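Enquirer: Sequence first, predicted coordinates after that:
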Amino acid sequence: MRVGELSKRSGVPVPTIKYYLREGLLPAGVLTSPNQAHYDDGHLRRLRLVRALVDVGGLSIAAVREVLTAVDTNEESMHHKLGAVQEAISQPATGELDPIAVKDVQAFFDRHGEFEFFGVDESNVTGMLVSALSAARSVGHDHFPELLDSYMEAMRIVARADLEYIARRTSSDDIIEAMVIGTLIGDAVLKAVRRVAHAEVSREAMDTD
């Protein structure tokens, strides 16, 4: 396909495609003349992944380049590639980590076995959890970590559903693009569904009229 068709099928404007080509986020097409190049389905898959990382994940061009390097590393398993992308799309903690919250998170990890990606003081994902527990403590909810095991049990069900969703894809780019969309859009969906569940359970537990 030519760049115009690639744009039409991907929904990405031609100038943006050309920018991604210049930045090395999209491999060059096959030249058919000095001013014409053809692109294939591999370019379409990569373009959708880049768009997901930039538009949904909010990553910078430099961060996208790092993610794509990890994706294209043959030595890494898909499991490790997905972990690297999860780290990239997770917001890092700011400031010093609350030592009490760090201890709570470490105890949580110890109860559930080794978490190879999530070193307590070096992972964006872990930093998000530590920051959340620290925020709970700051407003007087010191016992919030008691919910972690129940949350983990529920999130394993969610994670299995996520993996079943992305496993329908056949290429690495499609799997990772689905994971980015599924994680970030899924976060918003989970918030809404959780509130629906709160209403249902609250009616059962607290509506005594």
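Expert: Structure's in. What do you need?

Enquirer: Quick check, pLDDT for V158.
Expert: pLDDT recorded at V158 is 94.

Enquirer: Show the contacting residues for it.
Expert: Contacts here follow C-beta atoms under 8 Å, 6 or more residues apart in numbering; on that basis V158 touches 186, 190. Using the backbone N, CA and C atoms, a C-beta is placed for each residue, glycine as well.

Enquirer: ok, 7 Å please
Expert: Applying C-beta atoms under 7 Å, 6 or more residues apart in numbering to V158 gives the contacts L190.

Enquirer: nearest residue to L47 other than its sequence neighbours?
Expert: Spatial nearest neighbour of L47, chain neighbours left out: S10 (4.7 Å); criterion: C-beta to C-beta, 6 or more residues apart in numbering.

Enquirer: Give me the pLDDT for that neighbour.
Expert: Here the pLDDT value assigned to S10 is 90.

Enquirer: Pull the number of nearby residues for it.
Expert: Using other C-beta atoms under 10 Å, S10 has 19 neighbouring residues.

Enquirer: those helices in the protein, which residues are they?
Expert: Using DSSP state H, the helices found in the chain span residues 3-10, 14-22, 41-51, 61-71, 78-88, 99-111, 124-138, 148-166, 172-206.

Enquirer: now for the fourth one, which elements pack on it?
Expert: Packed against helix 61-71, as judged by 3 or more C-beta pairs under 7 Å, 6 or more residues apart in numbering; DSSP states H and E, are the following elements: helix 78-88.

Enquirer: CA atoms of the helix it packs on as CSV?
Expert: Below are the C-alpha coordinates for helix 78-88, written out as CSV (Å, rounded to 0.1, in the frame of the first residue of the first chain):
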residue,chain,number,x,y,z
MET,A,78,6.8,-11.9,25.3
HIS,A,79,6.3,-12.0,29.1
HIS,A,80,9.3,-9.8,29.6
LYS,A,81,8.3,-7.5,26.7
LEU,A,82,4.9,-7.0,28.2
GLY,A,83,6.5,-6.2,31.6
ALA,A,84,8.8,-3.6,30.0
VAL,A,85,5.9,-1.9,28.3
GLN,A,86,3.8,-2.0,31.5
GLU,A,87,6.6,-0.2,33.2
ALA,A,88,6.8,2.4,30.4
